[in-house]
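**Q** Provided below for reference: sequence and predicted model.
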Amino acid sequence: MIEHLGPTKSVPEDYDAPLAEHFGELRKRLFVVAIALFGLMMVAFPFSEIALKMVWANFIPQNIEMFVYSPLEWIFAKLKLSLVFSVAFTFPLFLYEMFKFASRGLYQHEKKFFLKIVPVSFLLFIIGGSLAYYIALPLMFKYIIFYSSETAISQISVQSVLAAVTNMILGFGLIFQVPLIIVFAIKMQIVKLEMLKRKRIFVYAAVLSLAVFMSPDPTFISQIIVAFVLVILFEIGLLIARFL
């Protein structure tokens, strides 16, 4: 039987406290995360130019040069890449601080459940981002540049390439959270496993719509990859939930 993770009552470590005290604790924990985020940005920024050139070399042919279309575009691109790096490495700290903030109101079995979810979530994000970086993005850039070069000279800006890369990696990383979302929703009794099985056709239609929305690729290559991956992840989520 699936164990319910609903509202807790008489949690041993919980205690009544003014709302202002809870907000104060939350602010302190978020401040720790913000300091770590800013510190990692400062560490990453001196190396961001090298990283930008590596990203460009991985996706853009050697005969196409970098272009910037505003005086600050290069600086903003370096800042954005530094921010992406720091967010990726402070995400586990953010999850830890949020867990510590909520842990007093959780039962022991609920704490164990969330402690299992956090590392799995981070691992799935890494897998999704890697799939985007090594498969979806090279295919997308290859065919976009190939078809555009038939009629026009490609002059691609650094900012547009970086935006496409970061958005795709973030999108795939979030998509790979689908199994955990399904498991969590079933354990919280928000949805029932049998209902999800019966409504597969509607889920697949929603998956296709989400893939088109999250992957603005005129070749539809990345949309097909996203839709295929989402369907597999949905079925994996159902399979995991069946044994819980």
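**A** Done, it's in.
**Q** ok, longest helix in this structure?
**A** Counting by DSSP state H, the longest helix found in the chain is helix 73-102.
**Q** so what secondary structure elements neighbour it?
**A** helix 19-44, helix 48-59, helix 108-131, helix 158-175 (3 or more CB pairs under 8 Å, 6 or more residues apart in numbering; DSSP states H and E). Glycine gets a C-beta too; all of them are placed from N, C-alpha and C.
**Q** residue contacts, L40?
**A** For L40, the contact set (CB atoms under 8 Å, 6 or more residues apart in numbering) comprises S82, F85, S86, F89, T90.
**Q** show me the contacts for the last one.
**A** Yep, that's T90 we're talking about. Contacts of T90 (CB under 8 Å, 6+ apart): V33, A36, L37, L40.
**Q** So what's the residue count around the third one?
**A** By that I understand L37. 17 (other CB atoms under 10 Å).
**Q** List the residues that contact it.
**A** Neighbouring residues of L37 by CB under 8 Å, 6+ apart: L83, S86, V87, T90.
**Q** of those residues, buried ones?
**A** For the contacts of L37, a neighbour count by 16 or more other CB atoms under 10 Å gives the buried set as L83, S86, T90.
**Q** circling back to that earlier point, just the helices and strands packed on helix 73-102: most buried one?
**A** Of the helices and strands packed on helix 73-102, the one with the most neighbours on average (mean count of other CB atoms under 10 Å) is helix 158-175, at a mean of 20.
**Q** just the contacts of T90 now: which is nearest V118?
**A** Among the contacts of T90, V33 lies closest to V118 (CB to CB), at 14.4 Å.
**Q** With adjacent residues omitted, what lies nearest to that closest one?
**A** Of all residues not flanking V33 in the chain, F94 sits nearest, at 4.9 Å (CB to CB, 6 or more residues apart in numbering).
**Q** residues near the one you found, how many?
**A** 17.
**Q** where's it relative to F234, distance?
**A** Relative to F234, F94 is positioned 26 Å away (CB to CB, to the nearest Å).
**Q** Next: A205.
**A** In terms of CB to CB, A205 sits 12 Å off from F234.
**Q** cool, G171 as well?
**A** Per CB to CB, G171 is found 16 Å from F234.
**Q** close enough to count as contact, V183 and A241?
**A** Yes. When contacts are counted by CB atoms under 8 Å, V183 is listed as touching A241 (5.2 Å).
**Q** how many other residues sit next to the closest residue to V32 other than its chain neighbours?
**A** Distance criterion CB to CB, 6+ apart; nearest residue to V32, sequence neighbours excluded, is E97 at 6.2 Å. Look at E97: counted by other CB under 10 Å, it has 20 neighbours.
**Q** In contact with E97, which residues?
**A** Contacts of E97 by CB under 8 Å, 6+ apart are R29, L30, V32, V33.
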